[in-house]
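Novice: what follows is a predicted protein model with its sequence.
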Protein chains: 2
Amino acid sequence: MTGPKDDAVNAGHQHVGDFHVYDTTMRDGAQQEGLNLSVQDKLHIARHLDDLGVGYIEGGWPGSNPKDTEFFQLAAKELDLRHATLAAFGATRRPHVAAADDTLLAALRDSGASVVTLVAKSHDRHVELALRTTLDENLAMVRDSVTHLREAGQRVFVDLEHFFDGYRANRDYALEVVRTAAEAGAEVAVLCDTNGGMLPHWVAEIVADVMGTGARLGIHAHNDTGCAVANSMAAVQAGVTHLQGCINGYGERTGNADLVTCVANLELKLGMSLLPEGHLADATRISHAISEITNYPPHARQPYTGVSAFAHKAGLHASAIRVDADLYQHIDPSLVGNDMRLLVSEMAGRATIELKGKELGYDLASDPELLARVTDRVKQMEQAGYTFEAADASFELLLAEEVDGARTSFFDVESWRVLAESSRGAAALSEATVKLRAGGVRLAVIGEGNGPVNALDHALRQAIEQVYPDVARFHLTDFRVRILDQGHGTDAVTRVLIETTDGKSVWVTVGVGANIIEASWEALVDAVTYGLRLHEVRPRIDD
Amino acid sequence: MTGPKDDAVNAGHQHVGDFHVYDTTMRDGAQQEGLNLSVQDKLHIARHLDDLGVGYIEGGWPGSNPKDTEFFQLAAKELDLRHATLAAFGATRRPHVAAADDTLLAALRDSGASVVTLVAKSHDRHVELALRTTLDENLAMVRDSVTHLREAGQRVFVDLEHFFDGYRANRDYALEVVRTAAEAGAEVAVLCDTNGGMLPHWVAEIVADVMGTGARLGIHAHNDTGCAVANSMAAVQAGVTHLQGCINGYGERTGNADLVTCVANLELKLGMSLLPEGHLADATRISHAISEITNYPPHARQPYTGVSAFAHKAGLHASAIRVDADLYQHIDPSLVGNDMRLLVSEMAGRATIELKGKELGYDLASDPELLARVTDRVKQMEQAGYTFEAADASFELLLAEEVDGARTSFFDVESWRVLAESSRGAAALSEATVKLRAGGVRLAVIGEGNGPVNALDHALRQAIEQVYPDVARFHLTDFRVRILDQGHGTDAVTRVLIETTDGKSVWVTVGVGANIIEASWEALVDAVTYGLRLHEVRPRIDD
């Protein structure tokens, strides 16, 4: 199943302990069509990447735009990374300007990032055409910029844009740029296949040649030939010890190398150990959690982490699979936190649910019947469009319901109604009516808002606040909508994720329905129910 | 851009003229989760594959189920293939049964297919566990089955299931199966990486060894390590002359090797010529046409044929792209029937917008004032939450408005209203009222739907259909919602992207608003406006 022994031994010779796993999801990945990340999105993604255990997280380009600048400021205050080092991305100084006088370089120096990744040109035509300067001045730009940041105490990696094409166009010059970067103190020269046109045997040959410079090398591959992963592997096998990629293979055009697939191949197939022990087993969860943030539907066929990656239309093989599943899968899916699926059932397996329960303080392992019941229910609900990857609070409510035998209820809903309207092009007005019973009385309340869900949230909270004052402290902090079952337009099922805080804790709930209002209502009800349980409020419906 | 000369020369030694491009979309591709093909679907797909110019189309397993049997009957009558040969798939005879007495083998013999692809076991453990027979009997099954079909005048290919894993477990036996198949008259022994766990250097080593048998070899790769394409390429470079794959990489788990990517790499990068001259330029159209049939949304990042495959967030590079586009793309996209697309994105500069305008047929370069006006407007709108990256139709309406001095309007909206309500936990009902003026009359229409946007869409289209019958042909095909400015809960700004089709063209529009209803309304209005312009319908508000 895994590689022959001697591969693992060879890998051991590659100073694995110092190998860089470098994520560029938030910078190069964000170049993907339709992908836009807010500062809060980036903070969330950085935490997930740190959980995965990558060594470096490229956070963006401070100084190039206000959003990235703000991200680095907030990251310094709010991000408490356990495994990863945050890297700032930016360019070498402009032509014919002293490094010390370059404002963009100053922003990198002052970003607070201990590692700066500088992009530099190594393709002669790009130097002339895009930079509009001479080949010598480009070398000086690399030398001065690296030196300047090194003198400021920063570690520097250099991304050599269009390196492979440049090597083919002018090998001597491309190698000269590598040497210049290394001599100026760059820790790694990263060979970028920026246009993505390489094939593995070309990468292997070129990397082997560049290794002759003595510089430490990295690889940055794109998937335009469908070979981003294989090209990355070929580079590592040829001696590269710094690997760049993106979660879920995000990136411009056909995307960057999928970081998880590369790392899983290197760890599970070639015996290298790149992430902290056991962290690869979080890969599936993290891949899906990040796709909730990017709001890009996860690709079912994605290697290792895709929902279909270990799904079998078992048919004839079902009994053989039961006897020896390893004959039908290339790895044990639990190694990447995924599950084998035999029938058409959704992602969650018992192992995942047991683990999740444990996370929340429930020992499901000791009660196999309960575990089976919860697993079945989760599978059913996931089939209907729910996701519990991100919605821990809704999962905990479900779990508590199965443990207690009934769901804790703080109020009885009679009805709700929302109206949104616009006249003569004026801004739309929304109004919601909620009727429910709590604390022994019937409450009928109207809420207004700038949108239907906002109005509904106001009405719900105004009503129950009268009986449960704690609710006044709850605030919605995030609201995400995903239309499932694409290809059916507005007939599709809607999933809503709502994030709520009481100022101390933050919790996420999920709702699914034929439409956004219905789905939001379910998530809103879960949100206040979870909050009231958390505050240990006693349910009072009929007192 | 393409490979070095000697690669092309080496490829020339591989008897390219006789190379088999073998599509298994309708058999192994149909194993994909959620993919179900009717007999008519298969006939349509076969015609598209023939247009692409593949050499062999595996149609299914006649005799194993009524649908596949019917397909082969209809194919014999209705399919008039110009390039491809239809292949029937099936298994070797059962253990301890004479080939002539095996009913499934008889169905293959009588299918009318001139080529039969027999699947055989080559992994010792699978012979014992799944076939429950001896290693010798398995060899006899291969020998007898091939011989029987050869005597009936059919050409036979043999798919060696689990070959690579089998080779590792018991090399001698795996090679013995290859020799047995070849000696019995099989034209090709196809080495299958059934579980998909291989890496390119392993494939290269193993294929090189198996070449020693003297048998003609094929490759059948799955994408479980993200290396299906690279593994296929490695096999071809090691001497294989028969390549199996699926359109759009369909297939069980992570899918099969994407046939178009493999062929494009071999033709455009290694100088082989596999499809009839010029046919590769139909690849994008055919890939998308087949995804219409499978009803699987095309993967935007798919190499070569994906809608994003040649899409650039140009930004700083836009001016350089204008001078020499080839510096920024690994091949000329027209070689595979795709197009370079510039995305109008955050930080969009004049150069990007000028190029984008050119794509849409507007010469903005000659009118710098107009260009500046459009650029400013795009920047302002992007600041407010709009994105034109994906919403080409809304961008074109904006452009046309600036060029014409006013937006084309097909109707005057008086008001709209949406109501959603739920009582006693029942499913929510939605109802929309739209009042507008078109064709000289005032129209007030009610629409119902399972959600508020759905209801609004119905009401809007029912109203204007009365004046513009073309609207009846427009259908929503996708609907995406994104809440922007996160961290503000339901107070956030909502962005909606709507994809509409008239059956021939597809267009995407964008709307932004304080809430989802308002944003959707804007995108819906843009969608019908764009569609009516596209159909060259004359605006009639007051006639």
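Specialist: Noted; the coordinates are in hand.
Novice: for residue A:5, give me the pLDDT.
Specialist: At residue A:5 the predicted local confidence, pLDDT, stands at 37.
Novice: repeat for residue A:289
Specialist: With respect to pLDDT, residue A:289 scores 89.
Novice: helices or strands up against whichever strand or helix holds it?
Specialist: Secondary structure assignment for residue A:289, by DSSP states H and E: helix A:283-294. The contact analysis (3 or more C-beta pairs under 8 Å, 6 or more residues apart in numbering or on different chains; DSSP states H and E) places helix A:283-294 against helix A:39-52, helix A:259-264. Glycine gets a C-beta too; all of them are placed from N, C-alpha and C.
Novice: any chance of these in JSON lines, with mean neighbour count too?
Specialist: Shown next, in JSON lines, are those (neighbours: other C-beta atoms under 10 Å in any protein chain shown):
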{"stretch": "helix A:39-52", "mean neighbour count": "21"}
{"stretch": "helix A:259-264", "mean neighbour count": "28"}
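Novice: which residues touch the helix holding residue A:289?
Specialist: Residues from elsewhere that reach helix A:283-294 (C-beta atoms under 8 Å, 6 or more residues apart in numbering or on different chains): A:25, A:35, A:37, A:41, A:44-45, A:48-49, A:51-52, A:247-248, A:250, A:260, A:263-264, A:297-298, A:302, A:304-305, A:336-338, A:347, A:352, A:387, A:389-390, A:480, A:482, A:497.
Novice: thinking again about what came up before, lowest mean pLDDT across the helices and strands packed on helix A:283-294, which one is that?
Specialist: helix A:39-52 - the lowest mean pLDDT of those, at a mean of 94.
Novice: and it with helix A:283-294, angle?
Specialist: 180 degrees (axes from the mean of the first three to the mean of the last three C-alpha atoms, to 10 degrees).
Novice: helix A:39-52 near chain B anywhere?
Specialist: Yes. Judged by C-beta under 8 Å from any C-beta of the partner chain, helix A:39-52 comes into contact with chain B at A:40, A:41.
Novice: C-terminal to that helix, what's the next element?
Specialist: Of the helices and strands lying after helix A:39-52 in sequence (DSSP H and E), the nearest is strand A:56-60.
Novice: for that next one, packing partners?
Specialist: Strand A:56-60 sits against strand A:20-23, helix A:39-52, helix A:66-78, strand A:85-91, with contacts defined as 3+ C-beta pairs under 8 Å, 6+ apart.
Novice: the residue in the stretch 151-300 of chain A that chain B sits nearest to: neighbour count?
Specialist: At 2.7 Å from chain B, residue A:197 is the closest residue in the stretch 151-300 of chain A, using C-beta to the nearest C-beta. Residues near residue A:197, counting by other C-beta atoms under 10 Å in any protein chain shown, number 23.
Novice: how about the secondary structure of the residue in the stretch 251-400 of chain A positioned nearest to chain B?
Specialist: Residue nearest to chain B within the stretch 251-400 of chain A (C-beta to the nearest C-beta): residue A:330, separated by 2.7 Å. Reducing the assignment at residue A:330 to three states with DSSP: H, G, I helix; E, B strand; the rest coil gives coil.
Novice: residue contacts, it?
Specialist: A:1, B:195, B:196, B:197, B:224, B:225.
Novice: right, and the second one touches residue B:165 too?
Specialist: Yes. Counting by C-beta atoms under 8 Å, residue B:195 sits close enough to residue B:165 to count as a contact (6.2 Å).
Novice: so which of the two has more stuff around it?
Specialist: Neighbour comparison, residue B:195 and residue B:165: the larger count goes to residue B:165, with 25 against 21 (by other C-beta under 10 Å).
Novice: that one: what's its closest spatial neighbour, skipping adjacent residues?
Specialist: Ranked by C-beta to C-beta, 6 or more residues apart in numbering or on different chains and with sequence neighbours excluded, the top spatial neighbour of residue B:165 is residue B:123, at 5.6 Å.
Novice: burial check on residue A:194, number of neighbours?
Specialist: Neighbours of residue A:194 (other C-beta under 10 Å): 27.
Novice: give me the phi and psi for the residue lying closest to it once chain neighbours are set aside.
Specialist: With sequence-adjacent residues excluded and distances taken as C-beta to C-beta, 6+ apart, residue A:194 is closest to residue A:162, at 4.6 Å. Dihedral angles of residue A:162 (phi, psi; degrees, to the nearest 10) stand at phi 50, psi 30.
Novice: contacting residues around residue A:162?
Specialist: Here residue A:162 is in contact with A:121, A:122, A:123, A:126, A:192, A:194, A:195, B:327 (criterion: C-beta under 8 Å, 6+ apart).
Novice: restricted to strands, list those residues.
Specialist: Cross-referencing these against strands under DSSP state E gives A:121, A:192.
Novice: min pLDDT across the contacts of residue A:162, which one?
Specialist: Scoring those by pLDDT puts residue B:327 last, at 87.
Novice: ok, back up a step: could you dump the helices and strands packed on strand A:56-60 to CSV with distance to residue A:290?
Specialist: As requested, these are exported to CSV (distance: least, C-beta to C-beta, whole Å):
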stretch, distance to residue A:290
strand A:20-23, 10
helix A:39-52, 6
helix A:66-78, 16
strand A:85-91, 17
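Novice: right, I'll call it a day here.
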